[in-house]
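Participant: need a structure here:
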Amino acid sequence: MGMWIGRNRKARVTYGFDEIALVPGRITINPNEVDITFRLARKGMEPLVLKIPILASAMDGVVDVRFAIAMSKLGGLAVLNLEGVQTRYKNPQEVLEKIVDADKAEITALLQRIYQEPVQEDLIAARVRQIKDGGALAAVSSIPQRAAEFGKIAEEAGADVFVVQSTVSTVRHISSEYKSLDLEKFCREMRIPVIVGNTVGHDVTFEIMECGPAGVLVGVGLRSRARCLLQKNIALCADHYRWRNEQRWGRLQSARLWRRRCDGRERVCQGARGARLRLPLGHGYSTCQPPSRDAHKSGRHRLAQANSLRSCRS
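Facilitator: Next comes the predicted model:
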């Protein structure tokens, strides 16, 4: 499936949230008895437990110290941006009030002046300690270019989680202007959980997971038009340390394409097509086997897929 976008270039069809329907399974559960507890793995320690599986975005307009403390006490996790006004100014509230009071004609110039102020390393440690002194979990973030520098400062100050955040994250980032982050080395050296995001597509997600983060944020975009290539449910903030040791890990590596089509735990059979086929959620590999290599080479790949999908329905 796809469309041609130029000579010898074909793009895959993707879906927005409004174009995907999740089909109910055969079992229903009382909502009051559903456990939404979220666990984030830690090295050599018990996992962090969140009662609410929600991370507040690392944006100056969303998270400050007070918000991080309040959300942590409610059971969620708010991520503080280490490159925003909170670490550039000793009194960030005054700066935020200027932004709120500015009119449309001057807001752009004002924001440019505000973010020209350099990040102060002592304020990184100070903000982390303020959150910890409030009895909350401290989660902070930075872009990959400054993660190695800020990660150690935050860790020594007592941070609980570090998020390496970018619009689109990959392991093999190329740049001649700055040194790219060695993600595997960074995850190995950090003693606190590292979350990486955002990613699009299962191939990139698997490469990031192999580097050893505690979680991966999958899916990019704005509002309902976010594009996620139907893999946004692959291990959203997944416990990679546990998952990679399971026996089915090798099978996932050998059947990555097929899991998009058959495994309801990721996303049943390419969105709307899966909804029409009514595949049950959580259906595993016991009856859904990838087609043999001979079938693929001989041109009978589609027939083998159809037969396997029919077995899924039964």
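Participant: Packing partners of the host helix or strand of Gly197?
Facilitator: Using DSSP states H and E, Gly197 maps to strand 194-199. The contact analysis (3 or more Cβ pairs under 8 Å, 6 or more residues apart in numbering; DSSP states H and E) places strand 194-199 against strand 161-165, helix 183-189, helix 202-210, strand 215-218. The way it works is simple: take the backbone N, C-alpha and C, and place the C-beta from them, glycine included.
Participant: quick one: contacts for Ile174?
Facilitator: Going by Cβ atoms under 8 Å, 6 or more residues apart in numbering, Ile174 touches Ser180.
Participant: Please report the distance of it from Ser180.
Facilitator: 7 Å (Cβ to Cβ, to the nearest Å).
Participant: Just the helices from the stretch 1-150 of the chain, written as ranges.
Facilitator: Remark: helices assigned in the stretch 1-150 of the chain by DSSP state H, counting those that start in this stretch are 65-74, 92-101, 107-114, 121-133, 144-157.
Participant: got those as a markdown table, with distance to Arg42 and mean neighbour count columns?
Facilitator: As requested, the helices of the stretch 1-150 of the chain are exported to a markdown table (distance: least, Cβ to Cβ, whole Å; neighbours: other Cβ atoms under 10 Å):
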| stretch | distance to Arg42 | mean neighbour count |
| --- | --- | --- |
| helix 65-74 | 16 | 18 |
| helix 92-101 | 29 | 14 |
| helix 107-114 | 35 | 12 |
| helix 121-133 | 16 | 18 |
| helix 144-157 | 12 | 19 |
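Participant: Mind putting those into CSV with distance to Glu210 and mean pLDDT?
Facilitator: Below are the helices of the stretch 1-150 of the chain laid out as CSV (distance: least, Cβ to Cβ, whole Å; pLDDT from 0 to 100):
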stretch, distance to Glu210, mean pLDDT
helix 65-74, 30, 96
helix 92-101, 38, 94
helix 107-114, 38, 94
helix 121-133, 29, 97
helix 144-157, 17, 97
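Participant: Can I get those helices in JSON lines including distance to Thr14?
Facilitator: Below are the helices of the stretch 1-150 of the chain laid out as JSON lines (distance: least, Cβ to Cβ, whole Å):
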{"stretch": "helix 65-74", "distance to Thr14": "32"}
{"stretch": "helix 92-101", "distance to Thr14": "35"}
{"stretch": "helix 107-114", "distance to Thr14": "32"}
{"stretch": "helix 121-133", "distance to Thr14": "37"}
{"stretch": "helix 144-157", "distance to Thr14": "25"}
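Participant: Tyr15: which of those helices is closest?
Facilitator: Of all these, helix 144-157 sits nearest to Tyr15, with 27.9 Å by Cβ to Cβ.
Participant: what packs against that closest one?
Facilitator: Counting by 3+ Cβ pairs under 8 Å, 6+ apart, helix 144-157 packs on helix 121-133, strand 139-142, strand 161-165, helix 183-189.
Participant: So for the third one, mean pLDDT?
Facilitator: Same thing as strand 161-165. Strand 161-165 shows a mean pLDDT of 96.
Participant: relative to strand 194-199, how tilted is that strand?
Facilitator: 30 degrees (axes from the mean of the first three to the mean of the last three Cα atoms, to 10 degrees).
Participant: Name the residues that touch strand 161-165?
Facilitator: 40, 48, 58, 77, 79, 137-144, 147, 151, 154-155, 181, 183, 186, 190, 192-198, 213-214, 217.
Participant: Buried residues, that strand. List them.
Facilitator: Buried residues in strand 161-165, counted by 16 or more other Cβ atoms under 10 Å: Val161, Phe162, Val163, Val164, Gln165.
Participant: Would you mind checking the contacts of strand 161-165 for buried ones?
Facilitator: For the contacts of strand 161-165, a neighbour count by 16+ other Cβ under 10 Å gives the buried set as 40, 48, 58, 77, 79, 137-142, 144, 147, 151, 154-155, 181, 183, 186, 190, 192-198, 213-214, 217.
Participant: Least confident secondary structure element in the protein?
Facilitator: Within the chain, judged by mean pLDDT, DSSP states H and E, the helix or strand with the poorest mean is helix 272-277; its value is a mean of 35.
Participant: ok so, going back, will you turn the buried residues of strand 161-165 into JSON lines that also has distance to Val62?
Facilitator: Shown next, in JSON lines, are those (distance: Cβ to Cβ, whole Å):
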{"residue": "Val161", "distance to Val62": "16"}
{"residue": "Phe162", "distance to Val62": "18"}
{"residue": "Val163", "distance to Val62": "13"}
{"residue": "Val164", "distance to Val62": "18"}
{"residue": "Gln165", "distance to Val62": "13"}
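Participant: All set, thanks.
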